[in-house]
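In: got a sequence here, can you model it:
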Amino acid sequence: MKSICLFIVAVGCLIGGVNGQTPAQEEMRGLVQTRYQLFEDSTKIDGFDLRRARLDFRGDIAPKVGYRLHTELAGSPKILDATFVYKPFEWLNVNVGQSKYPICYDNLYSPWNLLSISRTQLDN
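Out: Okay, the predicted model is just below:
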């Protein structure tokens, strides 16, 4: 947990710019999804839980270098995507880092574009 927080702080420092440069663009998005569960089993407690809590940081460190950090904070905190992009030319981008691999059709869509909280059983 501490290492994830330190990593997020380090990336936050990079967002501020390198050598006093102001990034060309920055974007931070967040998503919180809750649900209410009503159990038939009387030993379980009915109530709300936090299904997803995500933060997505994107931006440019320099004119030719960008980043993306996508974190999941519900349950046990983890990093979903962490990539750096080098853009030497307009037609060439080099990505380095870790990304989720879309194993089903649902993963091709961002949770911000979905109508319901639940995805397919394969994805969950």
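In: so what's Val96 up against?
Out: 83-86 (CB atoms under 8 Å, 6 or more residues apart in numbering). C-beta here means a position set from N, CA and C on the backbone, and glycine is covered the same way.
In: out of these, which are inside helices?
Out: Among the contacts of Val96, no residue falls in helices (DSSP state H).
In: now these in CSV, with distance to Ser99, pLDDT and neighbour count?
Out: Listed next are the contacts of Val96 as CSV, based on distance: CB to CB, whole Å; pLDDT from 0 to 100; neighbours: other CB atoms under 10 Å:
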residue, distance to Ser99, pLDDT, neighbour count
Thr83, 6, 92, 15
Phe84, 12, 93, 15
Val85, 11, 92, 17
Tyr86, 16, 94, 13
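In: quick check: of these, which lies closest to Phe39?
Out: Phe39 lies nearest to Thr83 out of the contacts of Val96, by CB to CB, at 39.6 Å.
In: distance-wise, check the closest one relative to Gln25.
Out: For Thr83, the distance to Gln25 equals 16 Å [CB to CB, to the nearest Å].
In: ok, then the element right after whichever strand in the chain runs longest?
Out: Longest strand in the chain by number of residues (criterion: DSSP state E): strand 47-62. Later in the chain than strand 47-62, the nearest helix or strand by DSSP states H and E is strand 65-72.
In: ok, that next one: who's next to it in the sheet?
Out: Paired neighbours of strand 65-72 in the sheet (DSSP bridges): strand 47-62 (antiparallel), strand 78-89 (antiparallel).
In: nearest approach to Lys100 belongs to which of the ones you listed?
Out: That would be strand 78-89 among the strands paired with strand 65-72, by CB to CB, at 5.6 Å.
In: thank you, goodbye.
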